[in-house]
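Undergrad: what follows is a protein structure lacking sequence information:
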């Protein structure tokens, strides 16, 4: 009897401790800074060398723990700004966070472009898993000197989620050091042996007017900027052509469930799916523990052999 009590107490104690740890850590991501994506490669030798972000596999746009997709009018965008900027104040319009590609005055507010000149803005979060940011779209960026006018110093680069009202909700950013006259051209603080810039403070994000488009090349951006008209949510001199861009249509198909923002990474999808059912998994584990406790604590019963 004493052995049964000890075994049951030990197993129940283990279950309770495990569940407390799980529920204590099962908090949803709040608005604000979500993490620091790794720069790949950590040392970029020249302005025309492509680089990528290695973000957490579960990086997603979400609200109150629920993934938000293009059907909810959520979007994600790439950006580059000077170090020390409060990233919650970024305003993302049709052509990203702004049209200031010139950092010689100490400030810059610009989108990220790929090596092919494609703007990384107004990207659609995945539908399966909901809100997921496709890691395949976090590759191939360049800071081409024909587009960006940079000066030596520290910058923040990364990507951010905006909600249906274009308010900045979550962001992933890393600090890099740029040297325009020497190699390497861009390094992370750890690679350069420098200290990182202070984390951005969380504040009430502003709401920008207007909706967004999908893809614009660097050539289109340059021509539009020369036009001199301002676009919604942009600084002065943003593309006048942006006013003619239609907001993106709903991306989900009720009959097929198709979505162009679906992640192509099986690992990311599996991780996000598993992370969405923590209570179920641990409840099943608790049942297994409880069954083990019952079986271990049972007295072994024997039946006498029948006489031949």
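TA: Sure thing, it's come through. Not measured: the values here are computed from a predicted model.
Undergrad: all the helices of the stretch 101-250 of the chain, residue numbers only.
TA: Here the stretch 101-250 of the chain has its helices, by DSSP state H, counting those that start in this stretch, at 189-192, 218-227.
Undergrad: least reliable of the ones you listed going by mean pLDDT?
TA: Mean pLDDT values for the helices of the stretch 101-250 of the chain show the minimum at helix 218-227, a mean of 48.
Undergrad: tell me which helix or strand of this protein sits lowest on mean pLDDT?
TA: helix 266-275 (a mean of 43; mean pLDDT, DSSP states H and E).
Undergrad: where do the strands sit along the stretch 101-250 of the chain?
TA: For the stretch 101-250 of the chain, the strands defined by DSSP state E, counting those that start in this stretch occupy 109-110, 113-114, 141-142, 153-162, 168-178, 186-187.
Undergrad: which elements pack onto the third one?
TA: Read that as strand 141-142. strand 113-114 (3 or more Cβ pairs under 8 Å, 6 or more residues apart in numbering; DSSP states H and E). In short, each C-beta sits where N, CA and C put it, glycine included.
Undergrad: name the surrounding residues that touch the strand it packs on.
TA: With Cβ atoms under 8 Å, 6 or more residues apart in numbering as the test, strand 113-114 has contacts from 50, 119-120, 140-142, 144, 147, 218, 221.
Undergrad: need the residues you listed in a markdown table with neighbour count and distance to residue 182, can you?
TA: A markdown table is the format used below for those (neighbours: other Cβ atoms under 10 Å; distance: Cβ to Cβ, whole Å):
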| residue | neighbour count | distance to residue 182 |
| --- | --- | --- |
| 50 | 15 | 20 |
| 119 | 24 | 29 |
| 120 | 21 | 27 |
| 140 | 16 | 24 |
| 141 | 22 | 21 |
| 142 | 21 | 18 |
| 144 | 15 | 18 |
| 147 | 18 | 21 |
| 218 | 20 | 25 |
| 221 | 24 | 28 |
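Undergrad: any idea which of these the model trusts least?
TA: Within these, residue 218 has the lowest pLDDT, namely 52.
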